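pasting the sequence and the predicted model now:
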Amino acid sequence: EALVLNDPDFQHEDLNFLSRSQRYEQAIRKSSLMVMKLREYGIADPEEIYWFKSFVHRGRPEPLDLHLGMFLPTLLTQATPEQQDRFFMPAWNLEIIGTYAQTEMGHGTHLRGLETTATYDPATQEFILNSPTVTSIKWWPGGLGKTSNHAIVLAQLYTQGQCKGLHAFIVPIRQLGTHEPLPGITVGDIGPKFGYDEMDNGYLKMDNFRIPRENMLMKYAQVEPDGTYVKPLSDKLTYGTMVFIRSLIVGDSARSLSRACTIAIRYSAVRHQSELKPGEPEPQILDYQTQQYKLFPLLATAYAFHFVGAYIKDTYHRISGDINEGDLSELPELHALTAGLKAFTSWTANAGIEECRMACGGHGYSRCSGIPDIYVTFTPSCTYEGENTVMMLQTARFLVKSYTQVSSGQQVTGMVSYLNDLSRQRIQPQHVAARTVTVRINDPVSLVEAYKARAARLVEAAAKNLQAELNHRKSKEDAWNRTSVDLVRASEAHCHYVIVKLFTAKLSEVSNAAVRAVLTELCLLYALYGISKNTGDFLQAGILTDAQITQVNQRVKELLAIIRRNAVALVDSFDFHDLHLGSVLGRYDGNVYENMFEWAKKSPLNKTEVHESFHKHLKPMQAKL
Amino acid sequence: VNPDLASERQTASFSVEKLTAWLDGGAEQTRLRRAVVEAIERDPVFSRENQYFQSQNERYEAAVRKAVHLQKKMHEMRWSHEGPESKYIYRAVAGDIAFLLHRVFMRSISVLGSEEQIAKWIPLASQYQLIGSYAQTELGHGTYLQGLETTAVFDVTTQEFILNTPKISAMKWWPGDMGRSATHTVVFAQLYVHGKCYGIHPFIVQIRSLQDHSLCPGIIAGDIGPKMNFEHIDNGYLMLQNVRVPRENMLNKFCEVQPDGTYVRRGSQKINYFTMTSVRISLISGEALTPLMKACTIAIRYSAVRRQSKLKPGEQEAKILDYQTQQEKLLPQLAAAYAFHFIDDYLQELFDRGYREIQRKNFDTLPELHALSSGFKAMVTQYCTSGVEICLRACGGHGYSLLSGLPSLYTKIIASCIYEGENTILLLQTARFLVKSFMAASTGQSVPPSVTYLAAAKPRNCPAKNKLDFLNPAIYTEAYQHMAVRLISSTAAKLQDLIQSGVKKHDAWNRCTVQLAQAAKAHCHYITVKNFAETVEKLESKAGIQKIMKHLCDLFALHGIFSNTGALLHDGYISGAQMDMVTASYLDLLAIIRKDAVPLVDAFDFTDKSLNSALGCYDGQVYQRLYEWAQKSPTNKQISPAYEKYLKPLLHNTLSKL
């Protein structure tokens, strides 16, 4: 980290004062330098590259993201050895800069709906690529607009008059040397976005653009010279990549929320406002209960998500060993779980970052707070790599399937094993009632049980409603759609349970007693706050009584006062460097106001003492009126 | 028109034109509004087409240009600031204009200034011989006015006030139009006479030369730098170093420092509250409601055009508006937009009545008015902000493109949660009024009309027997009332308990603030539901409007219960079985309102230019527009400078360098 942050080559003006073009240029400059330095230092391990990159770009996107993160890995996993010989070294040396063009203007998460076509012409042994409609224009791929000269394009393959579904093709889009678009290619930047200023997300339109047969990625499916199509063996393998990327998003949720919490909590210790006790000086705003109630549950959430992110990564690494040996049995559950957790954590973090910003009052709204930037960079993760609602419904599909298995007498394993208890409860109906008194609100393990019961109830309710719709002779798809609000709730409850469970499990691994004590407080706050925000679920299922809910609400407020003492230390532990945090409000030294003034003086509007619009507009008006 | 949108309009259950007229307050108003909007949008100076491509400097300049041009236009069209057109002008320019604080400057002089001061400054300001701003907030101090640190010391010998910024946290920070444009500003400072502090007072201070616009001696001022939005506004900072202004520059309608330094107070200070109240009520419609209505229009139209995945095998991909989860995101926001439109009417009426009383020197209605305006400002801005964000995220990837119009609606509306009183603080002000009223009501004293319900006797349980009962306004309004009473009374009781157990009053208050804020929200939610139901009842059943409004009212009410089930399950007012009925009725309503969703947003009657969105245009030609607009992006106009400078060397020489 110090290596990068102290490198003068990576220094630049505050990005907040730059235009979009300038930000893109800075990012390209740094990416180019970064690649050279990576080679210079001999850094090749993916994990190390990831960290190096995140320090160079301070957690922001950059134009080579897709080249490094998608183009190269896709070559490695989907290209034949001959194709690797042709493309990999040039790509590694950045003679070829590539991107990954999947999403189209009219089509996103539902891949089968993509419209781009690749028609095989046996006469010339070429594929003819076309964007037949406006909606089929490739839209959004990062680095496509201005940076890349190649793209891996996903298109519907047509050979011998038949559609064989989606396949990947390596398509050159710009002339090597001049960087001009090739004939038949229309390519450009999709215009300004909510953040991602340094990324040239692009569009790509192809008109009868021909590429050689050898440019289809053919490690799995193949088209022979005469046009014969050879099917791939299995399609479950692509799950692995998705799980991996979604696990990164969970980690990113934790990090982005941690950064926002760091800024808001440090600033709340520096900011003084109003009076608590008549006659005394204005107190730190962190002493107000309402401020604590906004921030500390988020702090606890940030910690919780860190542990969840680590868990998924570990599980993925553990399972990927099995996958390489052909054992795919654990993959469906992991896939279902990461889909839901991706959605749950990114939604929560997204709202949390905004809450942190609002907790900083007016100054949070200034770009100098750094939170607007964290927000706009993070918020698209609710949509990319699988739109969150769709993700929740994928998890729900798995939950309903598991529930159906249990109902038909089979046992299920893993995180959903609590569903096994449901069948037992049906035999002993007093079970649920008996549980009410057993919840101990100061015991995380007992709270895990409460969350488990809630998840079980909501999964069961959703599954039953689905069945009821089916009994009304609705088609399967219709019934599913009419139950989807319930299904999303069930998935959320399941994910919430998993998070509380993982957080609680983590506590016993902490050896230092003081650290364990403070983490236990956070874990309790996380679990109890979640209950107080969803009291209806716990009451309706009879998991908690009215009196217990009142206790929970009370206990949450007590915990706020307890955590108050350690709040700043808890965000310091995240260990973000000031440069990485990019916030005047969140500075480690707390010298907020003098630095805000220094920052503002650099604003582009302040470049001249009298702004040119005075001479252009104001003065003539005053003269006329 | 895209056939996917055309088909939505063919099946409308009501007359869109009639609903629009009703929302506007009559067909004549609709005609006037359209005329104003038309006149402004036809004028190329007001075009916002390039807005998303512009830098901060360019946007500021465009805003100044528009503001100047608007003066000309108003003269040309014979519109006046007091005329019926004025409220539509702001809507037509979409707030993207400079000198809004100039109006505040003028208003504060009119309200706080003496006859002589008004006679001196207002003509200058209306002729734009000077440009005003309003400097209250400081770097270290916001909502809590008594904490401001700027000082104004009276110097008897020269008959002047000496203004100073004693330290960095006392610098004025945020005032609009002040960074670059303003020549004058109203500065709020602690007044000192003969060493004694008299609290916060307003002073007119010149900050820039009227000749060459350079800063006056002792003034340091500039722009505070980029924000999430409002890039067209030069929010500024201001530092004062021994700046002297004549005694006559203190606005002295209510307080005056006489030549010998004697401090005189006259009239009631309460009128200050009235100004805040009026600002809070007036921002609800323009700053919170309009953005939500626009966001709903964009997201719902786009959801009727966007097709994704299949609902039934073998069929075309389905409109995303047909997915229950999509309906559950968007339709409650639509219902809320209508609910708040009616609450805005309610507050306006209350305000007008209050204003008439105050002119008769009767201040009795002030506390209620103040409490309601605070609470509703907080509740409505918060609700609308989250509504706009939901709309943004319901548009998938394209929502994040600035060309969708949604990001700028969002980044602008979020500021409304903070300015004119931070929302949490405002809710606590409302809570203070509620607790006080509750205490009074429980001892049999009379209380203002909006809180009489606190004294009435309540049933203990919800009487609903089946899911249709929850479509009865009496049933759900009562549930909301019950929730509000429970939260207010239990918090008041807890406050009492704490104080009786020896906890200091302020400490007890701080310990209850989380609950107090919830209680205030519950109160506002109740009033909103009640008012919506009453509005529907008063409607004639003509043109199918009443029917669809009733559905929206039901949806708004049940959505609130569905999203906060615990609050009503808590004391058993609603049982678990009843809650399942609520859910069932709520989900049924989504499918019903779905059919009229597009006509319901069409009725808001925003022109394509005012939406400024590739996704939300009336004709639904979403993709074509997105493609054409993107090509106009400056990033596509030239070959990227980054290529020559960095990419080329990287592409060609890396091997040799490595």
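Yep, it's here.

what's the domain layout of chain A?
A:1-60, A:96-232, A:239-389 (the TED database).

so how far is the longest one off the chain centroid?
To tie it back to what came earlier, the one meant is domain A:239-389. In terms of Cα atoms, centre = their mean, to the nearest Å, the centre of domain A:239-389 is set 10 Å apart from its chain centre.

does that domain come close to chain B?
Yes: for domain A:239-389, a contact with chain B is found by Cβ under 8 Å from any Cβ of the partner chain, at A:271-278, A:282, A:287-290, A:293-294, A:354, A:358, A:361-362, A:364-368, A:372, A:379-380, A:382-384, A:387-389. Just so you know, the C-beta spots here come from the backbone N, C-alpha and C atoms, and that holds for glycine as well.

drop anything exposed from these.
Using 16 or more other Cβ atoms under 10 Å in any protein chain shown as the burial test, the residues of domain A:239-389 next to chain B include A:271-274, A:276, A:282, A:287-290, A:293-294, A:354, A:358, A:361-362, A:364-368, A:372, A:379-380, A:382-384, A:387-389 as buried.

now do the same for A:Ala434: its pLDDT.
With respect to pLDDT, A:Ala434 scores 42.

circling back to that earlier point, including mean pLDDT and distance to B:Cys462, could the domains of chain A go into CSV?
What follows is the domains of chain A, written out as CSV (pLDDT from 0 to 100; distance: least, Cβ to Cβ, whole Å):
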stretch, mean pLDDT, distance to B:Cys462
domain A:1-60, 79, 50
domain A:96-232, 93, 40
domain A:239-389, 91, 29
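
how about the helices in the stretch 51-200 of chain B?
B:56-77, B:86-93, B:100-112, B:115-126 (DSSP state H, counting those that start in this stretch).

including mean pLDDT and mean neighbour count, could these go into JSON lines?
Formatted as JSON lines, those follow (pLDDT from 0 to 100; neighbours: other Cβ atoms under 10 Å in any protein chain shown):
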{"stretch": "helix B:56-77", "mean pLDDT": "91", "mean neighbour count": "19"}
{"stretch": "helix B:86-93", "mean pLDDT": "89", "mean neighbour count": "18"}
{"stretch": "helix B:100-112", "mean pLDDT": "90", "mean neighbour count": "20"}
{"stretch": "helix B:115-126", "mean pLDDT": "95", "mean neighbour count": "14"}
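
so in chain B, which helix runs the longest?
Using DSSP state H, we find that the single longest helix of chain B is helix B:324-359.

hang on, B:Leu163 packs against B:Met250?
No: at 10.6 Å, B:Leu163 does not count as touching B:Met250 under the criterion of Cβ atoms under 8 Å.

mutual contacts of these two, please.
Overlap of the contact sets of B:Leu163 and B:Met250 (by Cβ atoms under 8 Å, 6 or more residues apart in numbering or on different chains) consists of B:Ala152, B:Phe203.

can you tell me if the one helix or strand B:Asn636 maps to touches chain A.
Using DSSP states H and E, B:Asn636 sits within helix B:634-637. Yes: using Cβ under 8 Å from any Cβ, helix B:634-637 reaches chain A at B:Pro634, B:Thr635, B:Asn636.

which elements pack onto that helix?
Helices and strands touching helix B:634-637, by 3 or more Cβ pairs under 8 Å, 6 or more residues apart in numbering or on different chains; DSSP states H and E, are helix A:20-41, strand A:185-189.

do you know which of those lies nearest A:Glu82?
strand A:185-189 (24.8 Å; Cβ to Cβ).

which of the residues in the helix or strand just after the closest one are buried?
Remark: after strand A:185-189, the chain's next helix or strand is strand A:202-206, criterion DSSP H and E. Neighbour counts over strand A:202-206 (16+ other Cβ under 10 Å) mark A:Gly202, A:Tyr203, A:Leu204, A:Lys205, A:Met206 as buried.

pairing partners for the following helix or strand past strand A:202-206, with directions?
Toward the C-terminus, strand A:202-206 is succeeded by strand A:209-212 as the next helix or strand (DSSP H and E). Note on strand A:209-212: by DSSP bridges, its sheet partners are strand A:126-130 (antiparallel).

and the strand it pairs with, how far out from the chain middle?
34 Å.

which other helices and strands contact the helix or strand that it is followed by?
Using DSSP H and E, the helix or strand that follows strand A:126-130 towards the C-terminus is strand A:138-139. Strand A:138-139 sits against strand A:202-206, with contacts defined as 3+ Cβ pairs under 8 Å, 6+ apart.

tell me the strands beside the strand it packs on, with direction?
Partners of strand A:202-206 in its sheet, by DSSP bridges: strand A:138-139 (antiparallel), strand A:185-189 (antiparallel).

most packed of these?
The highest mean neighbour count among the strands paired with strand A:202-206, using mean count of other Cβ atoms under 10 Å in any protein chain shown, belongs to strand A:138-139: a mean of 28.

state the mean pLDDT of stretch B:338-347.
Stretch B:338-347 comes out at a mean pLDDT of 97.

rewinding a little: how about the longest helix of chain B, does it reach chain A?
Yes: judged by Cβ under 8 Å from any Cβ, helix B:324-359 comes into contact with chain A through B:Gln324, B:Thr325, B:Gln326, B:Glu328, B:Lys329.
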